[in-house]
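Trainee: Please find the sequence and the predicted model below.
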Amino acid sequence: MKHKLEFVQFYINNVCNLACPNCVSYNNFAFKGQFDWKSNENTARQWSNVIDPYEIAIIGGEPFTHPDLDSWVYGLKQYFNPPDFRITTNGTFLNRDIEKIKEYIDANVNIEISAHSRKHFDDSIAFIKEQFPDWNIEVVEDEPQWDHIVKRFIKEDTKGWLQVRTAYKFWDSSVKEVKNGVIYMHNNDPAAAHSKCEMSDCHYIVEGRLYKCVVTATAPMLAKQFTLDSHSQDVLKLTKSISPFDDVDVIDEFIDNILEPCAQCAMCPIHVLETVKEFELPRKKPKV
């Protein structure tokens, strides 16, 4: 029987054209790495025999910077047919790629735009209204106290949808500070940090391997390109992930405990609402 999971993200690149403070996948740094579909197709095919996600998202980095996004989109759709198949993008290439986006929507691929400034949110909504004048707008979420708004554009006879969400208030990331060329992560109680985590049910597949979360998936790659504090380096050596070709008992144990805290949770902050920050669109990567 396949393992049912709520959210699975196929992480296809570290490259992003923005540098949002507190980016949970560290794409605000000059983080390199793009993963090609051809090298990943075999494991993706096998994962389709192992897991049954409700939602699959193609994510980065910025997916629309990937030179072969089509192969990832149509390749994954050969093997997965979840209720929600989406691309999560910062939407800054919306104008450039609007025809491609229309093709994806026609192929039952949902497009989610994370707008990282108020102006970007308003401009995206206005542009989509212009491009899809006969589509209905549905307010999916509206929490004005946190400026959290999700507006979805839908049409009755169209398979996919396009939505814009406000994403210009970020929690603190696992990066505590950068000092003298060293990236320092938090050093908290893993269980306490996990208990406040907003992303513990968002699991990542990177280069064919399944990780518990974004930090366990991307921090080891960060450590290969930048200098992390010695404690975080030691903690990252304990990172666990699985391949779909592992023994069944290995896969079962990992997925059965995927929502539990792990050693790498220590690197995350203990989130409280007061840590929410607001910013305008930055593009310059911080120096390390």
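Mentor: Happy to help now that I have it.
Trainee: Look up which residues are beta-bridged to the spatially closest residue to residue 166 that is not a sequence neighbour.
Mentor: Nearest non-adjacent residue to residue 166, counting by CB to CB, 6 or more residues apart in numbering: residue 149, 4.9 Å away. All C-beta atoms are positioned from the backbone trio N, CA, C, and that covers glycine. Judged by DSSP bridges, the bridge partners of residue 149 are residue 142.
Trainee: Verify the contact between residue 149 and residue 139 for me.
Mentor: Yes. In terms of CB atoms under 8 Å, residue 149 counts as a neighbour of residue 139; the distance is 7.3 Å.
Trainee: Between those two, which is the more surrounded one?
Mentor: residue 149 (17 against 9; other CB atoms under 10 Å).
Trainee: Show the model's pLDDT score for that one.
Mentor: At residue 149, the pLDDT value in this model is 92.
Trainee: One more: residue 273?
Mentor: 52.
Trainee: do the same with residue 167
Mentor: 90.
Trainee: for it, what are its contacts?
Mentor: Contact analysis of residue 167 by CB atoms under 8 Å, 6 or more residues apart in numbering lists 114-116.
Trainee: and which of those residues is nearest to residue 257?
Mentor: Taking CB to CB as the measure, residue 257 sits nearest to residue 114 out of those, at 29.4 Å.
Trainee: Over to the closest one: give its phi and psi.
Mentor: phi -90, psi 100 (degrees, to the nearest 10).
Trainee: what ranges of the stretch 151-288 of the chain fall below the confidence cut-off?
Mentor: Across the stretch 151-288 of the chain, the ranges flagged by pLDDT under 70 are 272-276.
Trainee: Tell me which stretches of it form strands.
Mentor: 162-166, 169-170, 175-179, 182-185, 202-206, 209-211, 277-278 (DSSP state E, counting those that start in this stretch).
Trainee: Which of those strands sits closest to residue 53?
Mentor: Per CB to CB, nearest to residue 53 of those: strand 202-206, 8.4 Å.
Trainee: circling back to that earlier point, residues contacting the residue nearest to residue 166?
Mentor: Taking CB under 8 Å, 6+ apart, one finds 121, 139, 141-143, 165-166 in contact with residue 149.
Trainee: now residue 221
Mentor: Here residue 221 is in contact with 14, 31, 33, 206 (CB under 8 Å, 6+ apart).
Trainee: Correct me if wrong: residue 197 contacts residue 268.
Mentor: Yes. Between residue 197 and residue 268 there is a contact at 6.5 Å, judged by CB under 8 Å.
Trainee: neighbour count winner among these two?
Mentor: residue 268 (30 against 19).
Trainee: So what does the more buried one have for phi and psi?
Mentor: phi -90, psi 150.
Trainee: which SS state does residue 53 fall under?
Mentor: On the three-state scheme (DSSP: H, G, I helix; E, B strand; the rest coil), residue 53 is labelled strand.
Trainee: per-residue confidence at it?
Mentor: 98.
Trainee: Spatially, what comes nearest to it if we skip its sequence neighbours?
Mentor: In space, residue 53 is closest to residue 8, 4.1 Å off (CB to CB, 6+ apart).
Trainee: can you tell me which residues contact the one you found?
Mentor: Contacts of residue 8 by CB under 8 Å, 6+ apart are 51, 53, 55-57, 203-205, 210.
Trainee: Find the helix or strand that it is a member of.
Mentor: Using DSSP states H and E, residue 8 sits within strand 3-11.
Trainee: quick one, strands of the stretch 1-150 of the chain?
Mentor: 3-11, 51-59, 84-89, 110-115, 136-143, 148-154.
Trainee: For residue 168, grab the count of nearby residues.
Mentor: Neighbours of residue 168 (other CB under 10 Å): 19.
Trainee: Just the buried residues of stretch 28-39, please?
Mentor: 28-29, 31, 33, 35, 37 (16 or more other CB atoms under 10 Å).
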